[in-house]
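Participant: with the input below, show me the fold.
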Amino acid sequence: MLTQEQLIKRRQYVGASEIGALLGQDKFKTAVDVYRSKINPPEPQKETPAIKFGNALEFPILKLACDELKTPWELAHFGQEFESESMLATLDAKVSEHSYRRKPAGPCIIEAKTTGFAGPPIETWGRAGTEDIPERVLLQVQFQMEAADIGICWIALLSGHDARGLSMYRIKRQPILGKMLRKIANRFIAEFVNRQIEPPPFPSW
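Facilitator: Down below sits the predicted model:
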């Protein structure tokens, strides 16, 4: 449960998990939902099965990902927040160094995801090692990389429905997309939240 101070802080920013809704790419919420959550923060809701599994499995997934990336667990930092203008990114993990194709590859973000543990998947994930991921998740991690100024994000997906186990997806930062997401976050806070004007469900940016 967030404190009052945290709720006030989040009103001033767009979070990485919210940017997809502002672009109509989130199956779970719209720009109106994001706006209302900032103007009138909702009461804590009961934990859904999907959220319960995701929370319980987050650290084991991050540990598996560190093993895959040849990164010592001790070098991982969890839950770091990065603020940049109207952007707020809370990272599952950030590591200062990792290995890619047996070569040192510098710092990266690790984002833990689950699918298929609480019902059939509602989003499509492609082949491991590619950038074939749901659009909502792509926007989330591009937002994170822009806010944190990091060039690589690894998504570690643990699947519970197709015997794939852990799949790793390497996402490279797209600076042009990142700048666009920054502008949208700034506009959303300035034009809607600060002026307390409810946006349309799918704004035309």
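Participant: switch to C-alpha atoms for all contacts and neighbour counts from now on
Facilitator: Will do.
Participant: right, and L75 touches H98 too?
Facilitator: No. Look at L75 against H98 with Cα atoms under 8 Å: they stay out of range, at 9.7 Å.
Participant: neighbour count: those two, which is higher?
Facilitator: Between L75 and H98, counted using other Cα atoms under 10 Å, the more crowded position is H98 (20 against 14).
Participant: how far away is that one from E198?
Facilitator: H98 sits at a distance of 43 Å from E198 (criterion: Cα to Cα, to the nearest Å).
Participant: how about K52?
Facilitator: 31 Å.
Participant: now the strands for the chain?
Facilitator: Along the chain, counting by DSSP state E, strands occupy 14-15, 76-78, 81-84, 87-90, 93-95, 99-100, 103-104, 108-115, 152-159, 165-172.
Participant: hmm, back to that, so K52 and E198 - more neighbours on which side?
Facilitator: When K52 is set against E198 and neighbours are counted by other Cα under 10 Å, the residue ahead is E198, at 16 against 13.
Participant: pLDDT wise, what is the most centrally placed residue in the chain at?
Facilitator: The structure's the chain has its C-alpha centroid closest to Q140; by Cα atoms, centre = their mean the separation is 4.1 Å. At Q140 the predicted local confidence, pLDDT, stands at 98.
Participant: low-scoring pLDDT stretches of the chain, where are they?
Facilitator: 1-8, 42-45, 50 (pLDDT under 70).
Participant: what's the longest helix in it?
Facilitator: For the chain, the longest helix by residue count, based on DSSP state H, is helix 49-68.
Participant: can you give the distance of it from its chain's centre?
Facilitator: Centroid displacement of helix 49-68 relative to its chain, using Cα atoms, centre = their mean, to the nearest Å, is 14 Å.
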